[in-house]
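Chemist: I need the structure of the sequence given here:
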Amino acid sequence: MTEFAISAQDGTARRGIIQTARGSVHTPAFMPVGTVATVKAMLPQSVAATGADILLGNTYHLMLRPGAERIARLGGLHRFMGWDRPILTDSGGFQVMSLAGLRKISEEGVSFQSHIDGHAEFLSPERAMEIQHLLGSDIQMVLDECSAFPASHAAIEKSLSLSMRWAARSKAAFGEQPGHACFGIVQGGTYADLRQRSAEALQEVGFDGYAIGGLAVGEPQSVMFETLEATVPHMPQNKPRYLMGVGKPVDIVGAVLRGIDMFDCVLPTRSGRNGQAFTWKGPLNLKNARHAEDPAPLDEACACPACRQFSRAYLHHTIKANEIIAAMLLTWHNLTFYQDMMSSLRRAISGGTLKGFASEFATRYKENVREKAEIPA
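Modeler: Okay, the predicted model is just below:
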C-alpha cells in the first residue's frame, strides 16, 4: 500500500507525493523506462542524478530474460539492477498484444510465442502479478487487453469487459503486500461512455492508483486530450493518476493541465541514442551538418554533463563517428530535460501559474520545430 498526498492544486492539475517503502515520488512525475532492468546508456546513479524518483520495468521482457524466478533468487529487481529507489512494473499486456500473429487471447489469459526464441509462453492475470511479486516492484500493474486503434465501439466494449474481469483477478492475486501497491488500468479507447464505465468498475474493485491505458497509440493529440477530459473526472481525487506511454513534452504538459500525475515513455532515451536532443526551444537533430562547427552548448539552461562540458560540435562529431559516448551524453541530457520539465510543472502548480507556464512552454518549444506545439487549455 502506498500513500498519496496532494500538496497543491491549480485548476485540475495537482502536485503531490506518493510515499513508498523505498522513498518518495514527487508528482507530476516522469518515470524513465528501464525495460530489461537497465535504462539504456545510463548508470543507475546517473539516472538518479537527473532527478528521477522512480523507474519503470517490464514484466514481459523480464519474464523472458533473465526470468522472474532468477531475479528473485538474486535478491529482487532493485538489487539486481542497482537501483534503490521505487520501481513500477508494467504487466506486459501491451507488449504481448503487440505480437499480433504470435499470440492468442482467451478468458484465462494470453498464449504467445517469445519474440526472442519462439518459445511458447502463457501470461494470465495471476501469473503477471506473481512475476511482479517475484521482481519485488513497488507499484504493480494489472494485466489488461490493449485493444487496437482505431476500433469500433462494440470491439472496444468487448475488450473492456475482459480487461475488467482480468483487473479483478489481478487484484485478488496481488493479495496483501505491505509496502507495495497495485494500480488498475482504465481502458475504453476514445469512447467517453466506455472510459467512464471502466473507471467506475475499477473503483468497485479498489486500487491504490489508477492508470489510463490505450492512448498515445496513433490518435491525434486533440483526441487524446479530449479523452483525458472525459475520463479524469470519473477517477478518484485521492489516488495517483498515471497516463501510460506518454510521451512528448507537449503531451505531458497538456496532460498535467488535465489532472495526470505520472508518465513514462521511451522517447527521451530512444531519441538520445538516435541523435535527437530535447531542449526548451524544441527538439534538435544533432546529426544535422549545421552543428558541425557550433561551439555553443546543447542547451544553456541545462546543467547535465552534455551541456556543461561539451559543445554541439563535439556531440555532432561523436554521433557521426558512432561513438558510444554520444548515446550516453544525449540520453543523460534528455532525461535531465524531462526531469527539469517535471520540476518546473510542480513549481508552477504550487505557484498557481500553470496555465501561463504551459502557454510560454508551447511558444518557446516551437522555435526548433515546424510542427505545432500548442497545448490547448
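Chemist: show me what counts as buried in the strand or helix carrying residue 326.
Modeler: Using DSSP states H and E, residue 326 falls within helix 324-351. For helix 324-351, a neighbour-count test (16 or more other CB atoms under 10 Å) marks 326-342, 345-346, 348-349 as buried. Placement of C-beta: from N, CA and C, glycine included.
Chemist: looking at it, residue 287 is touching residue 319, isn't it?
Modeler: Yes - counting by CB atoms under 8 Å, residue 287 does reach residue 319; the two are 5.7 Å apart.
Chemist: who has more neighbours out of these two?
Modeler: Of the pair residue 287 and residue 319, residue 319 is the one with more neighbours under other CB atoms under 10 Å, namely 23 against 14.
Chemist: check what pLDDT the more buried one gets.
Modeler: Turning to residue 319, the model gives it a pLDDT of 98.
Chemist: if I look at the closest residue to residue 335 other than its chain neighbours, how far off is residue 359?
Modeler: Spatial nearest neighbour of residue 335, chain neighbours left out: residue 50 (4.3 Å); criterion: CB to CB, 6 or more residues apart in numbering. Separation of residue 50 from residue 359 (CB to CB, to the nearest Å): 26 Å.
Chemist: who has more neighbours, these two?
Modeler: The neighbour comparison of residue 50 against residue 359 (other CB under 10 Å) goes to residue 50, with 22 against 14.
Chemist: picking up where we left off before, what separates the residue nearest to residue 335 from residue 333, distance-wise?
Modeler: On the measure of CB to CB, residue 50 and residue 333 end up 9 Å apart.
Chemist: equivalent analysis for residue 120, please.
Modeler: From residue 120 across to residue 333, the span is 42 Å (CB to CB).
Chemist: now the strands for the stretch 201-350 of the chain?
Modeler: Assigned by DSSP state E, counting those that start in this stretch, the stretch 201-350 of the chain shows strands spanning 209-212, 241-243, 262-264, 276-277, 284-285.
Chemist: count of neighbours near residue 164?
Modeler: Close neighbours of residue 164, defined as other CB under 10 Å, add up to 24.
Chemist: how about residue 23?
Modeler: Residues near residue 23, counting by other CB under 10 Å, number 13.
Chemist: OK, contacts around it?
Modeler: Shown in contact with residue 23 (CB atoms under 8 Å, 6 or more residues apart in numbering): 53, 84-86.
Chemist: partners of it in the sheet?
Modeler: residue 20 (DSSP bridges).
Chemist: quick check: what element follows the helix holding residue 326 along the chain?
Modeler: Using DSSP H and E, the helix or strand that follows helix 324-351 towards the C-terminus is helix 354-365.
Chemist: so what's the backbone phi/psi at residue 283?
Modeler: In terms of degrees, to the nearest 10, the main-chain angles of residue 283 are phi -70, psi 150.
Chemist: how far does stretch 9-20 sit from the chain's center?
Modeler: Distance of stretch 9-20 from its chain centroid, counting by CA atoms, centre = their mean, to the nearest Å, is 17 Å.
Chemist: report the buried residues of that stretch.
Modeler: Under 16+ other CB under 10 Å, the buried positions of stretch 9-20 are 9-10, 13-18, 20.
Chemist: stretch 78-93 now?
Modeler: 78, 80-81, 83, 85-93.
Chemist: number of nearby residues for residue 57?
Modeler: When neighbours are counted by other CB under 10 Å, residue 57 registers 27.
Chemist: cool, and residue 3?
Modeler: Residue 3 is flanked by 12 other residues according to other CB under 10 Å.
Chemist: wait, doesn't it sit right on residue 19?
Modeler: Yes - under the criterion of CB under 8 Å, residue 3 makes contact with residue 19 at 4.3 Å.
Chemist: of all the contacts of residue 23, which comes closest to residue 251?
Modeler: Closest to residue 251 out of these is residue 53 (20.4 Å), distances taken as CB to CB.
Chemist: spatially nearest residue to that closest one (excluding sequence neighbours)?
Modeler: Residue 53 sits nearest to residue 25 (CB to CB, 6+ apart), 4.4 Å away.
Chemist: next one: residue 281
Modeler: residue 367 (4.0 Å).
Chemist: surely the one you found meets residue 284?
Modeler: No - Residue 367 is beyond contact range of residue 284, at 10.2 Å (criterion: CB under 8 Å).
Chemist: higher neighbour count, the two?
Modeler: Neighbours were counted for residue 367 and for residue 284 using other CB under 10 Å; residue 284 has more, 21 against 11.
Chemist: which residues are in contact with that one?
Modeler: By CB under 8 Å, 6+ apart, the contact set of residue 284 is 276-277, 291, 298, 312, 368.
Chemist: of the residues you listed, which one scores lowest on pLDDT?
Modeler: Least confident entry in the contacts of residue 284, by pLDDT: residue 368, with 77.
Chemist: let me see the contact set for residue 342.
Modeler: 26, 28-30, 51, 252.
Chemist: contacting residues around the lowest-mean-pLDDT helix or strand in the chain?
Modeler: Ranked by mean pLDDT, DSSP states H and E, the weakest helix or strand in the chain is helix 93-97, scoring a mean of 78. If you take CB under 8 Å, 6+ apart as the criterion, helix 93-97 is touched by 58, 60-61, 103, 110, 112, 123, 128, 143-147, 185, 213, 244-245.
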